[in-house]
Structures are given as C-alpha cells and as structure tokens.
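Quick one, structure for this:
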Amino acid sequence: MPLPSRVTDLTSFDLLRSVAELGSIGRAAQAHGMSQPSASERLKTLEGRVGVTLLERTSRGARLTTSGQLVAGWAAQVLARAADLDAGITSLRADRQSHLRVAASLTVAEYLLPAWLIALRSVSPDTATVLSAGNSVHVAEQVLAQKADLGFVESTDVPQGLASRVVAHDELVLVVAPDHPWARRRRVTAAKAAATPLVSRESGSGTRQAWEQALTSAGITESAGPLLEMSSTTAIKAAAIGGIGPAVLSLHTVAADVAARTLVRVEVGEVDLHRALRAVWPSGRTPRGPASDLLTIATRSLTDRADRR
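Residues are numbered from 1 along each chain as shown. Below is the predicted model:
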C-alpha cells in the first residue's frame, strides 16, 4: 500500500527533531548540510502537510510547540526503523560484494585466472571467490542465468545477451609427440591438418570452435571428426604425448611441454590461429564491486603484455 502523503518526507521529520535538539533552524540546517532558507522552507512545507503549527519561531531561535513535540516523538520511532532498514540494506550490499562468482573456460581458469585472483586478493582481501570451470558454452550459460557475476570465454563469438571485453590474446598450436611423423617436418598444410583426426575438446569448447572457424576462414569447409574427445586439457596433452594423435591446444597450455620437448609444435600453413580471450557479463549491467576489480586487473594485464612487446 502507498505511504500516507503526510509521512513520505522523512528528512523533514528528521530536521524537526534536530531543531528540538539544537534549538535553532540555522544549527539544524547546518547539521543536515543544507542552507537555512532551504531548511525553513522544508519545515513550513511540513507544517502545511501535517496541518498544525510545529515550531514557535523567536528572535533567539526556534522551539517546538506542544504539537511539534508530539510529532517529533512519533517520528523518532519511524526514523529509527528507517535507520535499521538502511543498515540492513548496507549489510546485504556488503555481503554481496564480499562474494564473487566467476565462470571461466579451462585455458583461462588454469593459466591466466590464478594470477588475476592473486592481484584481486591484494585489492579486495575480504572477497571470497567461487570459480566454476568449463567450456565456453557452459560459461556463457552460467553468466546468462546469473549464476556467475563474470565469465571468461575462448570462443570467437559472444552469445546474444552478453557484453564483452578482450582481456588476453592467444594462439592455437598443433602439437604432436616427438616420434610422430609430423615432428620431423615441423609444418603441415591446413588441408592435411583438417583431414587428420585429432585428439580434441568436446563440442562447445572455445578451443575447438576457434580451430573449426580458422579452417573455415581458410576456405576449408570439411574436416575429419575427432579421433578422441576429452573435456580436460591435461588429458588431451597426455594423449598427445603418449602418441595417440595430434592435438590443437592453446599456446598457454603447451608452452612448457614444447620447451621440455615432450611435445613438438607443428606449424599449420595458410591458416590464422590467433584468437582473443574475452570477459563476459550480462548486457546492460556494468560489473560492480569485486567483479569490476577483477575485470580491471585482467584488462590491465593485457596492456602490460602489450607494453612488454
């Protein structure tokens, strides 16, 4: 039900109580951060709304009439409850801002996000972060369903309903075991790679989607199906190292293995395997609190890498 018109302006009732405590409209106005004329006008409006005289104005200040004292006493209870309401809302906001739900694709979750969360810890030490890792489709679904405050995806396309910002650049690489025939050549054509069954991520993976779109952009519309589908980057690397078959993975995930020579990087001709990694959040909603802090940290890391180059 709507509030009665006489009690919608709690600030004026609070101002009336300040006049009672401080003994003048001028001092009450100062306490409320307003000019004396503004305070006088508000109190006159309040008297008109209530329908009785609340203040007796004298050359030495102002004091409440009997009616004013009664109204101020009744208002004290309402103002106290309003203060309780505000404190409750503040507590809810603080509790919400102390929790951060993040959904991230596997590459970001395993190789980029840990450093970002360490940086977030220094900015917001009281924030408890819950991370959900999955493929890019899963991440988008979590953010759209408001089960995550911020998401990080590897897919080249951002689903409708999500806003995005590039936070990192990545490159897909084709890797094989050291004893694989391609390890000696170190280069294959895009057509050869497309015609070869790979150890691959599952459908919905940003890495798999980016590889398929890169082939399409190179004019290759047909490719062999997966030799083996796995939902774990670590499992795919183990399969490739074990000689089960070639794999296409993020450079972030295989750099150490290539350096250790447990995997060999094979260049793929005629195809661009660079891609952008993005943060996503619901369209029309600006990330706030820890989500905004994490987005800033991730974006800054992109700038820092660009400066080092």
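
Tell me the pLDDT of the nearest residue to residue 129 once chain neighbours are set aside.
Distances taken as Cβ to Cβ, 6 or more residues apart in numbering place residue 100 nearest to residue 129, at 4.6 Å, with adjacent residues excluded. The way it works is simple: take the backbone N, C-alpha and C, and place the C-beta from them, glycine included. In this model, residue 100 is scored at 92, pLDDT.

hang on, residue 61 packs against residue 24?
Yes. Between residue 61 and residue 24 there is a contact under Cβ atoms under 8 Å: 3.8 Å.

longest strand of the chain?
The longest strand of the chain (DSSP state E) is strand 162-176.

List the buried residues of that strand.
Buried residues in strand 162-176, counted by 16 or more other Cβ atoms under 10 Å: 162, 163, 164, 167, 168, 170, 172, 173, 174, 175, 176.

In PDB, list the C-alpha atoms belonging to it.
Provided in PDB are the C-alpha atoms of strand 162-176 (Å, rounded to 0.1, in the frame of the first residue of the first chain):
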ATOM      1  CA  LEU A 162      26.300 -10.700 -23.200                       C
ATOM      2  CA  ALA A 163      28.600  -7.800 -23.300                       C
ATOM      3  CA  SER A 164      32.300  -8.500 -23.600                       C
ATOM      4  CA  ARG A 165      35.800  -7.100 -23.400                       C
ATOM      5  CA  VAL A 166      39.100  -8.600 -24.700                       C
ATOM      6  CA  VAL A 167      41.400  -9.400 -21.800                       C
ATOM      7  CA  ALA A 168      44.100 -11.500 -23.500                       C
ATOM      8  CA  HIS A 169      45.400 -12.700 -26.800                       C
ATOM      9  CA  ASP A 170      46.100 -16.300 -27.500                       C
ATOM     10  CA  GLU A 171      47.300 -18.600 -30.300                       C
ATOM     11  CA  LEU A 172      46.300 -22.100 -31.000                       C
ATOM     12  CA  VAL A 173      49.100 -24.600 -31.800                       C
ATOM     13  CA  LEU A 174      49.100 -28.000 -33.300                       C
ATOM     14  CA  VAL A 175      51.300 -30.400 -31.200                       C
ATOM     15  CA  VAL A 176      52.400 -34.000 -31.700                       C
END
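
Under the pLDDT cut-off, which ranges of the protein? List them.
Applying pLDDT under 70 to the chain flags the ranges 1-8, 87-97, 302-309.

In it, mark out all the strands, start to finish.
Under DSSP E, the chain gives strands at 55-58, 61-64, 99-105, 128-134, 150-153, 162-176, 187-189, 199-200, 228-229, 247-250, 264-269, 274-282.

So which of the ones you listed is the most surrounded?
Neighbour counts (mean count of other Cβ atoms under 10 Å) averaged over each of the strands of the chain peak at strand 150-153, with a mean of 28.

Put together a markdown table for the strands of the chain, with distance to residue 86 on each row.
Output for the strands of the chain, formatted as a markdown table (distance: least, Cβ to Cβ, whole Å):
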| stretch | distance to residue 86 |
| --- | --- |
| strand 55-58 | 27 |
| strand 61-64 | 25 |
| strand 99-105 | 21 |
| strand 128-134 | 25 |
| strand 150-153 | 28 |
| strand 162-176 | 31 |
| strand 187-189 | 66 |
| strand 199-200 | 55 |
| strand 228-229 | 54 |
| strand 247-250 | 48 |
| strand 264-269 | 59 |
| strand 274-282 | 27 |
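
For residue 46, which of those is the nearest?
Closest to residue 46 of those, according to Cβ to Cβ: strand 55-58, at 9.3 Å.

So which other helices or strands are in contact with the closest one?
strand 61-64 (3 or more Cβ pairs under 8 Å, 6 or more residues apart in numbering; DSSP states H and E).
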